[in-house]
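> how does the following fold in three dimensions:
(2 chains)
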Number of protein chains: 2
Amino acid sequence: MIDSTRFLSTAARSYQESAIRKTGALASRVPDLISFAAGSPSPEMFPWDALASITGDLLARRDGNVLQYGATRGYRPLIEQIIAHVDAKGIRTTAEAIVVTTGSQQGLDLVGRVLIDPGDVVLVELPTYSGAIAAFHNLQAALVGVPQDGDGIDVNALAEILRSVAAEGRRCRFVYVTPNFQNPSGRHDLLILEDDPYGSLYFEDTADVDQTRPIKADDEQGRVVYLGSLSKTLVPGLRVAWAIAPPAIVERVELAKQAADLCSGVFDQRIAHLALGRGVVSSLAPRLRAHYMDKRNVMEGALAELLPGRVRWQQPRGGFFIWMELVGNISDRVLFDRAVDHKVSFVVGSAFFVNGEGHRFARLSFSAPSQDRIREGVKRLAAAFTKDAAQ
Amino acid sequence: MIDSTRFLSTAARSYQESAIRKTGALASRVPDLISFAAGSPSPEMFPWDALASITGDLLARRDGNVLQYGATRGYRPLIEQIIAHVDAKGIRTTAEAIVVTTGSQQGLDLVGRVLIDPGDVVLVELPTYSGAIAAFHNLQAALVGVPQDGDGIDVNALAEILRSVAAEGRRCRFVYVTPNFQNPSGRHDLLILEDDPYGSLYFEDTADVDQTRPIKADDEQGRVVYLGSLSKTLVPGLRVAWAIAPPAIVERVELAKQAADLCSGVFDQRIAHLALGRGVVSSLAPRLRAHYMDKRNVMEGALAELLPGRVRWQQPRGGFFIWMELVGNISDRVLFDRAVDHKVSFVVGSAFFVNGEGHRFARLSFSAPSQDRIREGVKRLAAAFTKDAAQ
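All right, here's what the predicted structure looks like:
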């Protein structure tokens, strides 16, 4: 056999494995592992009956278009549903501005391909989503982190960073933000890539729909590319998400997508279309908010009880995660190795930082495990904090 | 609104629309159009009952993994089925060499990303699949065409081209071939990307399974990257395909895929797994061969009857297309415009050539229209050949 590695492209030689996905692979090697790693939604909440009824209806009609190749932009009636769906978040848009993607991850990749030349600077939050780091890194972007303050990205730090990027003669076309309460483009000639998978999953004890208003809702200049998804609010196994962007950008994303996968799964899109149309997604949302808030409460309770003084965190107002700060001298990686010995996993904080920091943090996901498993997992984590407990 | 085109990457500025997809969009604008354009499979042959039974069973089990995120490599039991499926074609492989892709188009894109640096030469057949042209073009490859002889790629011409590529100091890592009866790597240090979506769809009057043996089946050196798909042999609306490659290449494809879409649709993969496991794909194959052979015969009969002396073609021994040569002075584009006036479409031959040639050809697909529509479409095409008939 020849050594085929010599045929690899420059970009491929520098690909890095996503820490989340790598941690996810542990599950098959460690029996009885409790995973606080992946942002997987709770299978307890999957709407089995509604989906069985939808797929049954779709296949009973024997309409060939349900299983045929489809338009690269996406199934038009689904796009109409998406327009209505995001209207509830304050985003007014039209079909010309939308392309359906194979998950939001494809949105990150395609928008990255359309905007990034190798060597370009891409600004990201500290911390940021590790799947975005992987997508932009694979496109040979230079990732530069922007600190966050209480409201989101620190706009003064952003201005300072942009000045130094410009002084070095480098180019920055966009800043990538996950839900955020500031519009960082303000006085800069930048696009914003806004990734909002958890927008509907706020917790009603501390947040409301107004606090999840996307930046895109106030995008009067056409500077915001917005990514939405059904992965967290319906199911992730149907890969249905969307990008909303200025039409000139969407046209290029469409061409990139033609060559990348022709079209997203048509059967998936038809199921998503009916799930939106029959109110499955909208009626599920309040139940998901309550479900995940309960799980957050269970995890917070267990952390407070079992790890007093060892960890600190800000109460999450939505989503799937507790962003946990490690008090004292332990690093994320040391804790991770010990945790796996105790059959519990999480994602190391440093996976979300592009500047080598983050080792005092761990991201714990409370979304997928049951409440009992969350308590048991935190118990194991507490044991992992005590060195000799590993014996 | 700002002009967002100034943010586009160099690659995005040069994206070209696929001729096939562009032609496909005509269908929504021209009522009663008969399309000989897209390589869409026949909806008459979709196995509705089997798929309804499979999706019903999958959702009745309430196994959360059916609708959850999945492994980037693909659903492991599906990969085992793929190993058995390609074994029947003579390909001996293992799970380490396989990655499931969101259609073969994604295989083209991901393999391209892993092998192509901007400016690299990629060799393709004359003619070749236009979706591959788009994928490699978007990655900024320099596409160079290799003529074909009766058996496939002209190996002498290939050697000559490789000499001149090397003399110019340019690099070529692979040659892209669609089903072919020659192994063009022979004496060259090249990889082969073999794209085989139609392998099972040979016509039993003129071909047999031995004549569709892939190059990959004799790949003792680990030089062949093989793409297979269920789009033509089950349904394309489930985006399930696979790449089989040396493990060092597959590892990089997996990393590219992590950042490109995390995983292919899990529900789609579970359906495909059961369709393979329950024998739906294998029992459908002989019926598809007969179905498409009948349609080929109808199209050939109509062409011979209605366009004598105007067109020439070699009888296809499998697949979905007649590659039609235009006799006389008419070009593919002129004929195309007239054909659309007569409510019939095809893909211009030049879309499949990377060297500006191909204007004496048209690709006619007989796969999707019914036999009656094929006859009616050829009738319209015959009218389009006569100038004044356009009135």
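> helix or strand: which one has the closest residue to A:Val354 other than its chain neighbours?
Closest residue to A:Val354 apart from its sequence neighbours, by CB to CB, 6 or more residues apart in numbering or on different chains: A:Leu143 at 4.1 Å. Placement of C-beta: from N, CA and C, glycine included. A:Leu143 is part of strand A:142-149, with elements assigned from DSSP states H and E.
> that strand: partners in the sheet, and parallel or antiparallel?
strand A:121-126 (parallel), strand A:152-153 (antiparallel) (DSSP bridges).
> hang on, the earlier thing: who touches the residue nearest to A:Val354 in this structure?
A:121-122, A:124, A:133, A:136-137, A:354 (CB atoms under 8 Å, 6 or more residues apart in numbering or on different chains).
> again, but for A:Asp218
Applying CB under 8 Å, 6+ apart, the residues near A:Asp218 are A:90, A:183.
> so how far is A:Asn183 from it?
Between A:Asp218 and A:Asn183 the distance is 7 Å, computed by CB to CB, to the nearest Å.
> likewise A:Leu276?
Counting by CB to CB, the separation of A:Leu276 from A:Asn183 is 28 Å.
> the more surrounded of the two?
When A:Leu276 and A:Asn183 are compared for neighbours, A:Leu276 comes out ahead with 21 against 18, by other CB atoms under 10 Å in any protein chain shown.
> ok, the nearest residue to the more buried one once chain neighbours are set aside - how many residues close by?
Computed as CB to CB, 6+ apart, the closest residue to A:Leu276 that is not its neighbour in sequence is A:Gln81, at 4.1 Å. Using other CB under 10 Å, the number of residues around A:Gln81 comes to 18.
> in stretch A:31-46, what's buried?
Neighbour-count burial for stretch A:31-46, counted by 16 or more other CB atoms under 10 Å in any protein chain shown, picks out A:33-43, A:45-46.
> format these as JSON lines; extra columns: distance to chain B.
Formatted as JSON lines, these follow (distance: CB to the nearest CB, whole Å):
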{"residue": "A:Leu33", "distance to chain B": "15"}
{"residue": "A:Ile34", "distance to chain B": "15"}
{"residue": "A:Ser35", "distance to chain B": "12"}
{"residue": "A:Phe36", "distance to chain B": "15"}
{"residue": "A:Ala37", "distance to chain B": "11"}
{"residue": "A:Ala38", "distance to chain B": "7"}
{"residue": "A:Gly39", "distance to chain B": "8"}
{"residue": "A:Ser40", "distance to chain B": "6"}
{"residue": "A:Pro41", "distance to chain B": "8"}
{"residue": "A:Ser42", "distance to chain B": "8"}
{"residue": "A:Pro43", "distance to chain B": "3"}
{"residue": "A:Met45", "distance to chain B": "10"}
{"residue": "A:Phe46", "distance to chain B": "5"}
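> what sits opposite the closest residue to A:Asp208 other than its chain neighbours in the beta ladder?
In this structure, A:Asp208 finds its nearest non-sequential neighbour in A:Tyr202, 6.8 Å apart by CB to CB, 6+ apart. A:Tyr202 forms beta bridges with A:Gly318, as assigned by DSSP bridges.
> how many other residues sit next to A:Tyr202?
Using other CB under 10 Å, A:Tyr202 is surrounded by 23 other residues.
> show me the shaky parts of chain A.
Applying pLDDT under 70 to chain A flags the ranges A:181-182, A:387-391.
> all the helices of it, in order from the start?
A:10-13, A:19-25, A:48-60, A:76-87, A:103-115, A:130-138, A:155-167, A:247-261, A:266-277, A:280-306, A:332-341, A:371-385 (DSSP state H).
> how near is A:Ile53 to B:Gln105?
One thing to correct before we go on: residue A:53 is Ser, not Ile. 31 Å.
> between those two, who's got more neighbours?
Higher neighbour count among A:Ser53 and B:Gln105: B:Gln105, with 29 against 15, using other CB under 10 Å.
> grab the nearest non-local neighbour of that one.
Nearest to B:Gln105 is A:Leu262, by CB to CB, 6+ apart, at 4.5 Å.
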